[in-house]
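S.K.: okay, structure incoming, though there's no sequence with it:
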């Protein structure tokens, strides 16, 4: 947890600065249940554009957040995301996105710093079979290859399958 707090305190991944968001700016919210396709994300963004001067808060995955960011960029709107972790959202020219969580590379680096700090040499990285879970495990595993004193074993599980979760926990032990 301390490693993630350290990553959350880094400011080099936040653009624009949260301080640059105008006070009193109204935000429309896009949630997981609102999005099945990028078309629905586009409709949400268009609705925000039609309202003029409305920011977008996307509590969705990286793909729909990227769609919102690309569309918002054209109308100079702001997208705020507390959950988007993709490094694809760090592309030059996407300064309309303000994150409240570090991207996956910062999270992985913070986790690796924590493991080294704690002198843990054998670690099981148990992750769910999702875009986020696979990306996170991949980053942590790749970083462990650069740090010879930490041996990472990655174990994936299906979050909607109790047997899979139990098996993953047994393998981690």
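M.R.: Okay, I see it. Computed from a predicted structure; not experimentally measured. Numbering: from 1, shown residues only.
S.K.: distance from stretch 44-59 to the middle of the chain?
M.R.: The chain centre lies 21 Å from the centre of stretch 44-59; the measure is CA atoms, centre = their mean, to the nearest Å.
S.K.: got the contact list for it?
M.R.: 21, 25-32, 34-35, 64-65, 67-68, 71-72, 75, 77-84 (CB atoms under 8 Å, 6 or more residues apart in numbering). For the C-beta atoms, the positions are set from N, CA and C on the backbone; glycine is no exception.
S.K.: taking these, please make a ChimeraX selection of just the buried ones.
M.R.: A single ChimeraX command is used to select the members of those judged buried by 16 or more other CB atoms under 10 Å:
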select :30,35,64,65,67,68,71,72,77,78,79,80,81,84
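S.K.: of the contacts of stretch 44-59, which belong to strands?
M.R.: 26, 27, 28, 29, 30, 31, 79, 80, 81 (DSSP state E).
S.K.: report the separation between the third one and residue 69.
M.R.: With the distance defined as CB to CB, to the nearest Å, residue 28 ends up 15 Å from residue 69.
S.K.: equivalent analysis for the second one, please.
M.R.: When CB to CB is applied, the distance between residue 27 and residue 69 equals 14 Å.
S.K.: residue 90 reaches residue 104, doesn't it?
M.R.: No. Using CB atoms under 8 Å, residue 90 is not in contact with residue 104; the gap is 10.2 Å.
S.K.: so the two - more neighbours on which side?
M.R.: Set residue 90 next to residue 104 and count neighbours by other CB atoms under 10 Å: residue 104 wins out with 20 against 13.
S.K.: name the nearest residue to the more buried one, sequence neighbours excluded.
M.R.: Nearest non-adjacent residue to residue 104, counting by CB to CB, 6 or more residues apart in numbering: residue 85, 4.5 Å away.
S.K.: again with residue 71
M.R.: Spatially, and ignoring its direct neighbours in sequence, residue 71 is nearest to residue 45 (4.2 Å; CB to CB, 6+ apart).
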